[in-house]
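J.: Sequence first, then the predicted structure, then my questions.
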Amino acid sequence: MTESAASPADLDTELAAERAHLAAARAALHAMRGRAEQMYDAGHLIAGDPFAAETLGIALARRVAELADDPRTPLFFGRLDLDGAAVVDDAGTDHGETVAGRFHIGRRHVSDEAGEPMVLDWRAPLSRAFYRASAAERQGVTVRRRFGFHEGELTGFEDERLDRGEELGTASRLLTEEIERPRVGPMRDIVATIQPEQDELVRAPLETSICVQGAPGTGKTAVGLHRAAYLLYAHRERLRRAGVLIVGPNDAFLGYIAAVLPALGELEVTQATADDLLTRVPVRGTDPAEVQVIKHDARMAQVLRRAVWAGVAPPAGPIQVSDGAYRWRVDEGVLARVVAEVRREDLPYALGRERVRARVVALLQRQAESRSGESPGEPWQRRMGRTAPVTAFLDHCWPPLTPEAVLHRLLSDPAALAAAADGILTGSEQAALTWSKPPRTPKSARWSSADAVLLDEVAGLVTRPPTLGHVILDEAQDLSPMQCRAIARRTPHGSVTVLGDLAQGTTPWAARTWADTMAHLGRPGARVVPLTTGFRVPEVVVALANRLLPALDVDVPAGVSLRRDGELTITAVEDLAAAVVAEVRRAGRQPGSIGVIAPDTLVAALRAALADAGESVAAGAADGPLAVVPATVAKGLEYDHVIVAEPAAIVAAEPRGLHRLYVVLTRAVSRLSVLHTTPLPAALRG
Ligand SMILES: Nc1ncnc2c1ncn2[C@@H]1O[C@H](COP(=O)(O)OP(=O)(O)OP(=O)(O)O)[C@@H](O)[C@H]1O
C-alpha cells in the first residue's frame, strides 16, 4: 500500500525499519510507564508531607494511566521528514527557529531513555505541519508519510513528496479507507486524518471563541473533541484547574463519544447535557410545550432580573445601635444613599446585601473611633453587622432571597409576575406561566426542566456561579437563549467552541441564526466558520437529504460528500415490521452497525418484532451492532446501515418534524433504506 516509486525490495526494507521503530517506541513507552509506576510506588517517600504525598500520588496515578498502551491502536500514524521547518507557536507565530530531521507523529509523546523523542504528540507545535503542509506551502516538509495499520500491526504506508510537488489531499487511500471503514461500537478519534480546515479549528487559540456551522457528518463532533484534547495539551495547568466541559444533546450521544478523549490520553473532561448542568433542584414536573417556549425565551432574563431587584426598597427610618455605654446612629438619608450607591454597583444580589452591611458597619465604626480614638477590631465589626437594628434594616431594604423563593412567587402570584413582566411578556403569556394550583412552598414545588433553567438564571443574579476554562457545545443549534445564558455565566473569562447545524435544529427554540446564539452566549460577533465536506454520508444519501433543505427555512451551505460509495433504497411496503425484519437480515450480511430509526411511537413494536424474529437488539442506541433508535434520540449518532421506518410519521410527530427527518436521513455511513407504508413527505418526493 504505498504510492512511492521505490522498488518492492526497498519498500520491504522501509517497512521493516518502520516496524522496528514501532517496536522500539512501544518498548520505550513501557519503560516510561515503568518509571512512572516506580515513582508512584515511592510517592510517599519522595513527598514532604501527607498532603503533598496525596497530591503527588494523584498526579503520578494520572501519569501512569496516561501512559497505558493500547495494543489495538498504533503508537504512531504518520511521519514527517523536515529539511528546516519553522517552529510556529500556538498563535501561529513564527519565532525564527527551524528544525530538521525525521519525526514520527502519534497519539502521545514517547521518548527514549535519553529523553530523545521517538514519537511526537500530534498536538505538539511541530506536528502542525503534518496536518497543514501542502505542496504549495510545504512548511519545511520534504516527505509526509501516513501509515496503514490493522489491529495495531503496521501494514503499509503512503508517501507524499511535497518537495517534488506531490500531494494527495483527499485522494489519499488511507483517508478513504478510514472514512469508509465499517463502523462498530462507539466513536473513534480521527487524529491520523484530521483535515486542514478541521485542524485550523482544533488548534485555534484558547482565547478565541468560534462557531462552526457544519453540514451533517462534516466532523463537528470530532473537531470539538480533538479541540478539547488540544487545548488541554497546550494549556494543561490552566485548564485542569479551570475545567473543560463538553455539552451534548442526550445521554445516548454522550455514551457514543465517551471513549474518544480517553483514547487520546485525556481523562478529565466533563461531558454533560445542558440539563445535567442545572442541578439546583430535582426535576419532577413538566410544562406544556407553549409554556416551555416562554420559559426558554431570552425575555425571561429581564423578567427575572426585575423580580430579583424588586425587593430592594428605601430605608424606613434611621438605625440606632447600642454598643456598651454608647449608642450609635445612622440617619435615614445616609442609609438611602448607601443603598442607592451599592445598587448602582450592579453586584450579584447577595454580594450587594453584604456590601450594604459592610458600609453601614463602617459608618458605625467611624463613630466609635471618633468617640474612643481607637479602631475596634474585626469581632466588633462582625457583632455590629449582626445586631438586630442592622439586620432589620437590611431585611427591609435588601431582603435575603433564594432563587426558589423568587421563582415560586413569580409563578404563583399574578400580581408579582405582572409587576416583573410588564411591557416584556403579554398578558396571555403571563397567564400561561402562572401555576393553576400553586404549591404552598418553594420546597413542595415540582420544578420542570425549564424551571431549572430559570432558577439557574436567578441564582446567577444572586451569586457568581463557579466558572469553567472552556466549554464545547455540540448540537448547539438546539440550545435555548436561556440555556446559552447559563453557559455564558459559567464562562465569563473562558472561551467557547460552538458546533452545530441550523438545519438540524429540532427544539422549539432552535437557533435561526448563529449571531443570536453567540450573542446569548456572551460572544456577539464571534467568527462563524462553515464546514461542508462530509465524511460520513455517501453522495446519494446527501442528495436525498438535501432535497429537504429548501423546506427547512435556514440559510446554510449544503453539504458535499467525500464518499462516492453508498447505497440508497426507498421502498413502499405493506407490513412495516416484517419489512424492517427482512431489511435488517439483508443488512446483516455486510459488516458494520445497523440502526433502525423509527418514529418514537413505533420503537417498542419494532423492537418486539425483531426480537421475535430472533435478532438481538442492543439496549442502548450506541451499543450496536443492531439498535432500534427513536427518531428523537438519533442526533449525532451514525450507523453503517440505517433503516428509516415511516418518514411521514417522523415528520408528523413534532412541529419541526422535517428537521428531525433531515437528522435521521443523515445518520447513514454506507447504506440507507427507507421503508414506508404511508406516502413519503412531499419534500422528499422532490
Ligand atoms: N478528518 C476525518 N478523517 C476521518 N474521519 C472523519 C474525519 N472527520 C470526520 N470523520 C468521521 O465522519 C463521521 C462524522 O463526523 P462527526 O460525527 O464529527 O460529524 P458531525 O458534523 O458532528 O455530524 P452531525 O452533525 O451529522 O452529527 C465520524 O465517523 C467521524 O469519525
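T.: Looks like it came in fine.
J.: got the residues of this protein near the ligand?
T.: Contacts of the chain with the ligand, taken as CB under 6 Å from any ligand atom, map to 178-179, 190, 193-195, 198, 214, 216-222, 501, 504, 535-536, 636, 638, 666. Glycine gets a C-beta too; all of them are placed from N, C-alpha and C.
J.: out of those, which are inside strands?
T.: Gly214 (DSSP state E).
J.: Just give me the neighbour total for Arg586.
T.: 15 (other CB atoms under 10 Å).
J.: before we move on, what about Val663?
T.: 25.
J.: need the contact list for it.
T.: Pro216, Gln504, Thr506, Ala631, Ala634, Lys635 (CB atoms under 8 Å, 6 or more residues apart in numbering).
J.: Let me know the closest of those residues to the ligand.
T.: The ligand lies nearest to Pro216 out of the contacts of Val663, by CB to the nearest ligand atom, at 3.3 Å.
J.: tally of neighbours for the residue nearest to the closest one when sequence neighbours are not counted?
T.: In this structure, Pro216 finds its nearest non-sequential neighbour in Thr666, 3.5 Å apart by CB to CB, 6 or more residues apart in numbering. Under the neighbour criterion other CB under 10 Å, Thr666 is assigned a count of 27.
J.: And Thr666, what's its pLDDT?
T.: Per-residue confidence (pLDDT) for Thr666: 95.
J.: That one and Val537: what is the separation?
T.: Thr666 sits 5 Å away from Val537, going by CB to CB, to the nearest Å.
J.: what touches both of the two?
T.: Pro216, Gly217, Ala545.
J.: quick one: which of the residues you listed is most hemmed in?
T.: Busiest of the shared contacts of Thr666 and Val537 [other CB under 10 Å] is Gly217, holding 28 neighbours.
J.: need the contact list for that residue.
T.: Applying CB under 8 Å, 6+ apart, we find Gly217 in contact with Gly534, Phe535, Arg536, Val537, Gly559, Ser561, Glu638, Thr666.
J.: again, only this time at 6 Å
T.: With contact set as CB atoms under 6 Å, 6 or more residues apart in numbering, Gly217 has these partners: Gly534, Phe535, Arg536, Val537.
J.: Could you do Pro318 as well?
T.: So Pro318 contacts Arg329, Asp331, Glu332 (CB under 6 Å, 6+ apart).
J.: Quickly name whichever of these is closest to Gly460.
T.: Minimum distance to Gly460 across those is 32.3 Å, recorded for Glu332 (CB to CB).
J.: can you tell me how far the closest one sits from Thr387?
T.: Distance from Glu332 to Thr387, by CB to CB: 17 Å.
J.: So between the two, which is more surrounded?
T.: Shown here are Glu332 and Thr387; by other CB under 10 Å, Thr387 has more neighbours (18 against 14).
J.: Surely the more buried one and Val321 touch.
T.: Yes. Thr387 is within contact range of Val321, at 5.2 Å (criterion: CB atoms under 6 Å).
J.: the strands in the stretch 301-450 of the chain, which residues?
T.: 319-323, 326-330 (DSSP state E, counting those that start in this stretch).
J.: So what touches the first one?
T.: So the one you mean is strand 319-323. Contacts for strand 319-323 (CB under 6 Å, 6+ apart): Arg327, Trp328, Arg329, Val330, Thr387, Pro389, Phe393.
J.: So, low pLDDT: which residues of this protein?
T.: Across the chain, the ranges flagged by pLDDT under 70 are 1-6, 40-72, 88-92, 686.
J.: Can you tell me which of the contacts of Gly217 has the most neighbours?
T.: That'd be Val537 among the contacts of Gly217, by other CB under 10 Å, with 29 neighbours.
J.: list the contacts for that one?
T.: Counting by CB under 6 Å, 6+ apart, Val537 has contacts Pro216, Gly217, Ser561, Thr666.
J.: What is the nearest of those residues to the ligand?
T.: Nearest member of the contacts of Val537 to the ligand, counting by CB to the nearest ligand atom, is Pro216, at 3.3 Å.
J.: Verify the contact between the closest one and Val664 for me.
T.: No. Using CB under 6 Å, Pro216 makes no contact with Val664, being 10.4 Å away.
J.: Look at Arg146 and tell me its secondary structure.
T.: Under DSSP: H, G, I helix; E, B strand; the rest coil, the three-state class of Arg146 is strand.
J.: Once you drop chain neighbours, what's closest to Gly352?
T.: Sequence neighbours aside, Val342 is the residue nearest to Gly352 in space, at 5.3 Å (criterion: CB to CB, 6+ apart).
J.: Please give me every residue in contact with the one you found.
T.: Gly352, Arg355, Val356.
J.: Identify those among those that sit within helices.
T.: Those of the contacts of Val342 mapping onto helices are Gly352, Arg355, Val356, per DSSP state H.
J.: Narrow those residues to those that are buried.
T.: Gly352, Arg355, Val356 (16 or more other CB atoms under 10 Å).
J.: elements contacting the lengthiest helix in the chain?
T.: Ordering each helix of the chain by length in residues (DSSP H) puts helix 8-41 first. With contacts taken as 3 or more CB pairs under 6 Å, 6 or more residues apart in numbering; DSSP states H and E, helix 8-41 sits against helix 50-66, strand 110-111, strand 117-121, strand 153-161.
J.: Nearest the geometric middle of the protein, what residue?
T.: With distances taken as CA atoms, centre = their mean, the chain has Ile246 as the residue nearest its mean C-alpha position (2.7 Å).
J.: My read is that it contacts Ile472, right?
T.: Yes. In this structure, Ile246 is within contact of Ile472 by CB under 6 Å, at 4.7 Å.
J.: ok, Gly588 - how many residues close by?
T.: 14.
J.: same deal with Leu544?
T.: The number of residues near Leu544, taken as other CB under 10 Å, comes to 19.
J.: What strand or helix carries it?
T.: Following DSSP states H and E, one finds Leu544 within helix 539-546.
J.: Which residues outside the next helix or strand along the chain from that helix are in contact with it?
T.: Once helix 539-546 ends, the next helix or strand along the chain (criterion: DSSP H and E) is strand 560-561. Residues from elsewhere that reach strand 560-561, judged by CB under 6 Å, 6+ apart: Thr532, Gly534, Val537, Pro538, Glu539, Val542.
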